[in-house]
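Asker: take a look and give me a structure for this.
(one chain, ligands or ions: 1)
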Amino acid sequence: MDRSKAPTCDIAIIGGGAAGLAAAIEAATCLQRQGSGLGLGRIGTRSETGINPVVVLERLDRVGKKILATGNGRCNLSHQPVCLDDYHGLDRSFAGPALGRYDVAVTLDWFRQMGLLCRTDEDGRVFPYSYQATAVLDILRRALDRLPVTLRTSFRVSDLRPKRTGEFLLTDSDGQRLYARSVIVTTGGLAAPSFGCSGDGYTLMTRLGHRMVETKPAIVQINCHKDAVRGLAGIRVNGTATLMCRQKVCRQEQGEILFTDYGLSGPPILQLSRAVHDALEQSRPDDATVHLDFLPELSLPDLVAWLKKRQAGDPSLPLQDFLNGLLHKKAGMALVKQACGCSLAEPLSVLSEQAIQKLATLVKDWPLVVTGTQGWQQAQVTAGGVTVDDFAAETLASRLVPGLFAAGEVLDIDGDCGGYNLQWAWSSGRLAGAQAAAFCHTRPKDR
Ligand SMILES: Cc1cc2nc3c(=O)[nH]c(=O)nc-3n(C[C@H](O)[C@H](O)[C@H](O)COP(=O)(O)OP(=O)(O)OC[C@H]3O[C@@H](n4cnc5c(N)ncnc54)[C@H](O)[C@@H]3O)c2cc1C
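Answerer: This next block holds a predicted model:
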């Protein structure tokens, strides 16, 4: 192979998403610091082929496309506070060192120094002050422009090979090649394939001996039996959603729930979705259910008392108006229909005490049978991924391949909805970038 045609860099980063861009900024900053005063051809300087010491290889025609879609275009880039309980994976403690070293305060200061001010809403979600995701990508790109980083887009790494010289050879699907002294894999997972994620990182890593934890779509809408939600699409209610499997509570969340033609969406539902696949695997058909409480602030006895009072005060009121003022009219009618099983034109006086009790119970606990989720196309994040057992938590370095690092969603760490996943991407990306730079610094140059 004629290697003179393939440029060499110090650090190649596979994937120009949130973790990859954070890694590139950190790696280049560290290399610059370490290499200040060094001559051409040394670590951290432009190579004879004109390529910068840090190269980001991105398969799409632009870096950071997913960042633009985050937080509905507003980019919920972090959360205050963040703790390990907000993360998942077979060993969530693995995320501790990265999240501790590059914590929320450090991250927000990093953004501030790059020129981005942020704001935190009442739920603790952190956004750019302008609420525009474009501002986040612009700031990252500006920082990259000012550092010795080359962005190579439309470069889909299809092969990653450690050579006997200690370098890595990276080849793209068109046969273009690049040598690197160290590699950081930040290819994301399988969620939202339209943003370039189709599991390439898993293939590259498993070929090098890394193991996988089964992947499942997370932070995704939930499918329910369509008959149950028919006619309710578009309705939003503030309530509690509880995922149950075999009569046991898997997880409970509160907030704005959105009915759709396939089932349920909204922040509490997205939050529950991670547990849906496990619940479906463990349960018999129709045994995984989401229970909605439309009035979490009101106890069942208080609701029963109110409904009885309303019945006594206006016995000729048609049933279709019984829950008016308490619930969205369509949701109210669906519940009355299910509980009472009679025409909605009937007056309240037809309802027995038992029927009122049944209706109140349904308002507080409406079970919907779960059939699945909207899958990878709609998922925001991947649960599972490359096992963290094969990496050192303090450095994010592979235990199997010297000089190889990984960060972000490609690893078996995922966060809840609310800015936790981007925080993991920034923290782990920066840690991997700094450590890859340190690796290049301490290791003598081979050529
Ligand atoms: C619609 C949507 C909204 C979201 N909103 C939020 C939010 O508001 N807050 C939050 O915290 N999280 C949010 N997330 C999740 C968050 O965006 C991700 O967890 C985070 O971006 C993961 O960062 P990453 O760099 O690890 O991977 P990614 O951002 O997925 O980046 C991976 C990159 O690698 C590239 N790539 C893949 N394979 C190759 C290859 N073989 N060669 C070269 N390049 C390759 C991809 O094209 C991609 O650009 C959202 C996700 C989605 C889909």
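
Asker: could you report the neighbour count for residue 211?
Answerer: 12 (other Cβ atoms under 10 Å). C-beta coordinates here come from the backbone N, C-alpha and C atoms, glycine included.

Asker: list the contacts of the residue lying farthest from the centre of the chain.
Answerer: When distances are taken from the C-alpha mean of the chain, residue 316 lies farthest, 51.0 Å away, according to Cα atoms, centre = their mean. Going by Cβ atoms under 8 Å, 6 or more residues apart in numbering, residue 316 touches 347-349.

Asker: same question, residue 121
Answerer: Shown in contact with residue 121 (Cβ under 8 Å, 6+ apart): residue 127.

Asker: and it, how far is that from residue 248?
Answerer: In this structure, residue 121 and residue 248 are 33 Å apart, going by Cβ to Cβ, to the nearest Å.

Asker: and for residue 35?
Answerer: 57 Å.

Asker: next: residue 211.
Answerer: From residue 211 to residue 248 the distance is 30 Å (Cβ to Cβ).

Asker: and residue 305, how many neighbours?
Answerer: Neighbours around residue 305, by other Cβ under 10 Å: 14.

Asker: and it, that one's in a helix?
Answerer: Yes. Assessed by DSSP: H, G, I helix; E, B strand; the rest coil, residue 305 belongs to a helix.

Asker: pull the contacting residues for it.
Answerer: Applying Cβ under 8 Å, 6+ apart, no residues contact residue 305.

Asker: what's the burial count for the nearest residue to residue 408 once chain neighbours are set aside?
Answerer: Leaving out its chain neighbours, the residue that sits closest to residue 408 by Cβ to Cβ, 6 or more residues apart in numbering is residue 19, at 2.8 Å. For residue 19, the neighbour count with other Cβ under 10 Å is 33.

Asker: contacting residues around residue 19?
Answerer: So residue 19 contacts 186, 188, 407-410, 424-426, 428-429, 432 (Cβ under 8 Å, 6+ apart).

Asker: change it to 6 Å
Answerer: 186, 407-408, 425, 428-429 (Cβ atoms under 6 Å, 6 or more residues apart in numbering).

Asker: next helix or strand past the host helix or strand of it?
Answerer: Element membership for residue 19 (DSSP states H and E) is helix 18-35. Per DSSP H and E, the first helix or strand lying C-terminal to helix 18-35 is strand 54-57.

Asker: show me what contacts the residue positioned nearest the centre of the chain?
Answerer: Centroid-nearest residue in the chain, with Cα atoms, centre = their mean: residue 381, separated by 3.6 Å. Counting by Cβ under 6 Å, 6+ apart, residue 381 touches 191, 218-219, 414, 421.

Asker: repeat that for 10 Å
Answerer: Residues near residue 381 by Cβ atoms under 10 Å, 6 or more residues apart in numbering: 88, 188-192, 217-220, 270, 273-274, 409, 413-417, 420-421, 424.

Asker: quick one, longest helix in the protein?
Answerer: helix 420-442 (DSSP state H).

Asker: and the angle from that helix to helix 18-35?
Answerer: Helix 420-442 and helix 18-35 are oriented at 30 degrees to each other (axes from the mean of the first three to the mean of the last three Cα atoms, to 10 degrees).

Asker: for helix 420-442, buried residues please.
Answerer: Neighbour-count burial for helix 420-442, counted by 16 or more other Cβ atoms under 10 Å, picks out 420-440.

Asker: remind me which residues of this structure are low pLDDT?
Answerer: Residue ranges of the chain with pLDDT under 70: 1-5, 36-44, 48, 444-447.

Asker: quick check: residues of it near the ligand?
Answerer: By the rule Cβ under 6 Å from any ligand atom, the part of the chain lying against the ligand is 14-20, 57-60, 66, 69-71, 75-76, 156-157, 186-188, 191-192, 195-197, 200, 380-381, 408-409, 419-422, 425.

Asker: can I have the buried ones of the residues you listed as a ChimeraX selection?
Answerer: Selection of buried members from the residues of the chain next to the ligand for ChimeraX, criterion 16+ other Cβ under 10 Å:
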select :14,15,16,17,18,19,20,57,58,59,60,66,70,71,75,76,156,157,186,187,188,191,192,195,196,197,200,380,381,408,409,419,420,421,422,425
